[in-house]
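Participant: pasting the structure only:
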């Protein structure tokens, strides 16, 4: 393998890890959203997972087809901030 193959392979692994991080933050944001609602039964698992999937797919699309001119950890940080802001907006819309 030459240097170009190593760089391409590193980028591919980095993209997988970034998407896994986006999935984890989507689950955390979704569960935190329903945690703040005062429901005596607690959050419904199906609803939490459904919202997490929606947030993840929207953020994955924003990450993959990024209109931002940043790369690497900055791009991941921007998309994570988008996830957090979208969940905050949903909280105020649902309240």
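Facilitator: Done, it's in. As the structure is a prediction and not an experimental result, all values here were calculated from the model.

Participant: what separates residue 72 from residue 25, distance-wise?
Facilitator: Distance, residue 72 to residue 25, using C-beta to C-beta, to the nearest Å: 17 Å. C-beta here means a position set from N, CA and C on the backbone, and glycine is covered the same way.

Participant: Would you check that residue 83 makes contact with residue 26?
Facilitator: Yes: counting by C-beta atoms under 8 Å, residue 83 does reach residue 26; the two are 6.0 Å apart.

Participant: Counting neighbours, go ahead and name the busier of these two.
Facilitator: residue 26 (25 against 22; other C-beta atoms under 10 Å).

Participant: Let me know the helix or strand that that one is in.
Facilitator: helix 3-35 (DSSP states H and E).

Participant: Name the residue in residue 72 and residue 25 with the higher neighbour count.
Facilitator: Per other C-beta under 10 Å, whichever of residue 72 and residue 25 has more neighbours is residue 25, with 20 against 10.

Participant: Per-residue confidence, that one, what does it come out as?
Facilitator: At residue 25, the model reports a pLDDT of 96.

Participant: pLDDT below threshold where in this structure?
Facilitator: 1-13, 68 (pLDDT under 70).

Participant: Common neighbours of residue 83 and residue 26, please.
Facilitator: 55, 59 (C-beta atoms under 8 Å, 6 or more residues apart in numbering).
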